[in-house]
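Enquirer: Below is the structure, and that's it, no one-letter string:
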């Protein structure tokens, strides 16, 4: 097995992943497992039962002080004032121009303590950005080294995790969290995730990472979770229509064009980029993020052109780009998201996508592609495989 | 781990060719399919297409990645594995036999001499694993 490249950071579970035979890849400056048994079985395990992910590469930023809320409100577009202690919120960290420095989860730990979970590759830049705009009585620290993060995701997540903790998990609502212990280890237990399934994300001291990883994998009485890598995490979030920084959103994307207007609370007191966002909202965006499904054989990958005008030949001018594209293992289709002109954004619109030398047909479909049913069932029909 | 048939020849891009009587069967190696993961889609040239040594002639895709396939030899495609459309996973399950990609009429059988033997290929991938 290849040794990790020297410049890559490693989670506390790096040697465990290697011992388990995971295929390792560089991701966001980290040496991370992309798959263990395979993207498809891992994806299906999360949809049907449960999967366990090491996502310790994610960054954690601590914001403390009498004006912690004011600072969070200034740099983020969602309204953190609506959070109760123990509640989490999806939000955007904004530039002065109303574009994304990052997307993140804001957790309210106390009136004077907020805790942000951010994308691994952006952690340092996020921290510097918040510090640069900190004119409040609040301190920002990068606490990432203090936390390992495991994500247990899938309809069986609760029953698998419950025997390992005294915290009543059913009492934690979606996008809420509790302080508790898992196998005697102090942890933040959050009912959050990035898969479109029910599940929990656990944050705790990295020195306990191997014990918790091993114990959770062994839980569930033989029908427990399987180890999952970033490959399945990506296909799961894509089926669920969730944005990935660097793909659907970046420092040149506004929330309006990315279907993220719902995290942008224009009525709250001033925040970075608010004026630009107000101005941008007055005009319809020049492009929109849409979901699509291939209607001919072929897989549209990230960056492939949406062809328009003329004959739709591979040489025709690109009117848009695929931001994420992949087979959807549960739905059994080839899907993706792309930016297209508003005139091509209506569900049912036929698209032509340039796949290397070929032009392949696709159709705009509503997002998300997959939505889990209430009570742990599944609304979408599983693929016949 | 699957063994690498000694009568096959191998490329640095992880294709194999099994040649006999001026015809060659081409596929990707066990190492290549392991690196790629579960194959979900295969795009091959049509029968009659010309392929050139060391030039890409098709793609094999996993959920995660697209891998270009480079022809070990120059020649004309005589047959494309018809089973791969419905069952691309044959490439994972049996990369050196039932997961073959194309059969090629060789334009220049001497090109085979520049390819690696099984022993050389196994050394080559062992070195890649320890990079």
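Expert: Arrived safely, thanks for sending. Quantities reported herein were computed from a predicted structural model and do not represent experimental measurements.

Enquirer: Over to residue A:253: give its phi and psi.
Expert: In terms of degrees, to the nearest 10, the main-chain angles of residue A:253 are phi -120, psi 130.

Enquirer: separation between it and chain B?
Expert: 24 Å (CB to the nearest CB, to the nearest Å). All C-beta spots, glycine's among them, are computed from the backbone N, C-alpha and C.

Enquirer: so what's that residue up against?
Expert: A:99-100 (CB atoms under 8 Å, 6 or more residues apart in numbering or on different chains).

Enquirer: what kind of secondary structure is residue B:69 in?
Expert: strand (DSSP: H, G, I helix; E, B strand; the rest coil).

Enquirer: surely it meets residue B:33?
Expert: No. Assessed by CB atoms under 8 Å, residue B:69 is found out of contact with residue B:33, at 11.8 Å.

Enquirer: tell me the strands in chain B, going along the chain?
Expert: B:9-10, B:15-20, B:23-28, B:39-43, B:50-51, B:56-62, B:66-70, B:75-80, B:102-106 (DSSP state E).

Enquirer: who in the stretch 201-350 of chain A is up against chain B?
Expert: Residues of the stretch 201-350 of chain A found near chain B (CB under 8 Å from any CB of the partner chain) are A:231, A:234-235, A:297-299, A:301, A:326-327, A:329, A:334.

Enquirer: please redo it, this time with the cut-off set to 7 Å
Expert: For the stretch 201-350 of chain A, the contact set with chain B under CB under 7 Å from any CB of the partner chain comprises A:231, A:235, A:299, A:301, A:326-327, A:329.

Enquirer: Not counting its neighbours along the chain, what's nearest the residue in chain B that chain A sits nearest to?
Expert: Minimum separation of chain B from chain A (CB to the nearest CB) falls at residue B:63, amounting to 4.2 Å. The spatially closest residue to residue B:63, leaving aside those adjacent along the chain, is residue A:39, at 4.2 Å (CB to CB, 6 or more residues apart in numbering or on different chains).

Enquirer: So what sits opposite the closest residue to residue A:305 other than its chain neighbours in the bridge?
Expert: In space, residue A:305 comes closest to residue A:318 once its chain neighbours are excluded; the distance is 3.6 Å by CB to CB, 6+ apart. In this structure, residue A:318 bridges to residue A:307 when assessed by DSSP bridges.

Enquirer: Go ahead and confirm residue A:318 touches residue A:307.
Expert: Yes. Counting by CB atoms under 7 Å, residue A:318 touches residue A:307, with 6.3 Å between them.

Enquirer: what about these two, which has more around it?
Expert: The residue with more neighbours, out of residue A:318 and residue A:307, is residue A:307; 22 against 13, by other CB atoms under 10 Å in any protein chain shown.

Enquirer: so how far is stretch A:285-295 from its chain's centroid?
Expert: 19 Å (CA atoms, centre = their mean, to the nearest Å).

Enquirer: Can you tell me how far the residue of chain B closest to chain A is from residue B:30?
Expert: 19 Å (CB to CB, to the nearest Å).

Enquirer: So for those two, which sits in the more crowded spot?
Expert: Neighbour count, other CB under 10 Å: between residue B:63 and residue B:30, residue B:63 has more, with 25 against 21.
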